[in-house]
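J.: Build me a structure from this.
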Amino acid sequence: MQITDEQRDALQELLNIGVGKAAGALNQMLEKPIRLHIPSICIGPIQELQTAIDTDAAEFHASVRLPFHGAFSGSTCLLFPTQSAASLLTVLTGETQNQDSWDSMKEATLTEIGNIVLNGVMGSLTNVLQHCITYSVPFYEETTIQQLIQPRATQTPEMMLWAQTRFTIEDYNISGDIILLMGVQDLGCLLQAITALLQTADSCHGPTGTR
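T.: Numbering: from 1, shown residues only. Purely as a prediction, here's the structure:
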C-alpha cells in the first residue's frame, strides 16, 4: 500500500488536533498545565514497523487499549515504558511506588488518561472525516510491544500506525506512544477519506489559494 506524504501529513495533523483536545480535557480534570504533541508518525506493515520503532520489543509497557469498529475497525493503544508511567503517575497524583495503593491507583489513573487521549485522537479522525465508529470499553494491561502486536501480525496482512507522543507536564517531559492497529482494507478506507478531505480543501481554495 502506497501512502503519500500529503496523506501522512494530514494524518499527523489530525492526530495532533486530537491530542490537543485531550490535553484541554486533562487540564480541566487534573488542574495541571498539560501539553500533548505528536512530533512524528510512521505507517506500514506490522512486521516492518517492529524493527523501526526505537524501543525494546521485549520491554514491558503500561498500555491502555481502545478497540473500535464501524467505517474502519481496529484498536488504538496508548503505551508508556514502565518508568515513564511511574513518572506520569507521580506527577499527576503525588503517589509514590512504595505506597500500598500504587497498583490500583496506577491502573485507574492511566486507564482514565488513556481513555481521554485515545477518544480525543479517534474523535478527531471520525469528526473531520465524517465517519462513525463504535468503541468498546478501554482496558489496561502491562505488556510488551511484541505481545501487543503479535496476535495481529499473524493475521496477514495487518498495518500499524505508530505515533510518538510527548507529554509536557509542568517541568516534566514524559514520552509515550500511540499505536493504531488496522487491517489493510480498514486503513485503505481511512486513507480514502483523508484523500477526499484533501481534495475538498483544494477545490474550496482553488488554484489561487482563495475561496
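
J.: quick one: the strands in the chain?
T.: Applying DSSP state E to the chain gives strands spanning 34-37, 41-45, 60-70, 74-81, 133-135, 139-144, 158-169, 172-183.

J.: To residue 111, which of the ones you listed lies closest?
T.: Comparing these against residue 111 with Cβ to Cβ, the closest turns out to be strand 139-144 (4.5 Å). All C-beta atoms are positioned from the backbone trio N, CA, C, and that covers glycine.

J.: Now that closest one: buried residues?
T.: Residues of strand 139-144 classed as buried: 140, 143, 144 (neighbour count, 16 or more other Cβ atoms under 10 Å).

J.: Could you tell me how far the last one is located from residue 131?
T.: Put plainly, it is residue 144. Separation of residue 144 from residue 131 (Cβ to Cβ, to the nearest Å) stands at 31 Å.

J.: where does this protein have low pLDDT?
T.: Along the chain, segments meeting pLDDT under 70 span 50-58, 99, 151-157, 205-211.

J.: Same list (the buried residues of strand 139-144) but as JSON lines, adding distance to residue 22.
T.: Converted to JSON lines, the buried residues of strand 139-144 look like this (distance: Cβ to Cβ, whole Å):
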{"residue": "140", "distance to residue 22": "17"}
{"residue": "143", "distance to residue 22": "22"}
{"residue": "144", "distance to residue 22": "25"}
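
J.: Go through those residues and say which is closest to residue 170.
T.: Using Cβ to Cβ, those come closest to residue 170 at residue 140, 24.3 Å.

J.: I figured that closest one hits residue 61, correct?
T.: No. With contact defined as Cβ atoms under 8 Å, residue 140 and residue 61 do not form a contacting pair (11.1 Å).

J.: if we can go back for a sec, nearest to residue 106, of the strands of the chain?
T.: Among the strands of the chain, strand 60-70 comes nearest to residue 106, with 7.2 Å by Cβ to Cβ.

J.: For the closest one, output the C-alpha coordinates as PDB.
T.: Extracted C-alpha coordinates of strand 60-70, given in PDB (Å, rounded to 0.1, in the frame of the first residue of the first chain):
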ATOM      1  CA  PHE A  60       7.200  -4.100  29.400                       C
ATOM      2  CA  HIS A  61       4.900  -1.100  28.900                       C
ATOM      3  CA  ALA A  62       1.800   0.200  30.700                       C
ATOM      4  CA  SER A  63      -0.900   0.000  27.900                       C
ATOM      5  CA  VAL A  64      -4.400   1.300  27.600                       C
ATOM      6  CA  ARG A  65      -6.200  -0.200  24.600                       C
ATOM      7  CA  LEU A  66      -9.400   1.000  22.900                       C
ATOM      8  CA  PRO A  67     -10.900  -1.400  20.300                       C
ATOM      9  CA  PHE A  68     -13.300   0.200  17.700                       C
ATOM     10  CA  HIS A  69     -15.400  -0.900  14.700                       C
ATOM     11  CA  GLY A  70     -17.500   0.800  12.100                       C
END
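
J.: Which strands and helices lie in contact with that strand?
T.: Strand 60-70 is packed against strand 74-81, helix 82-93, helix 102-129, strand 133-135, strand 139-144, helix 145-153, with contacts defined by 3 or more Cβ pairs under 8 Å, 6 or more residues apart in numbering; DSSP states H and E.

J.: what's the nearest residue to residue 64 once chain neighbours are set aside in contact with, if anything?
T.: Of all residues not flanking residue 64 in the chain, residue 114 sits nearest, at 2.6 Å (Cβ to Cβ, 6 or more residues apart in numbering). By Cβ atoms under 8 Å, 6 or more residues apart in numbering, residue 114 lies in contact with 63, 64, 66, 78, 138, 140.
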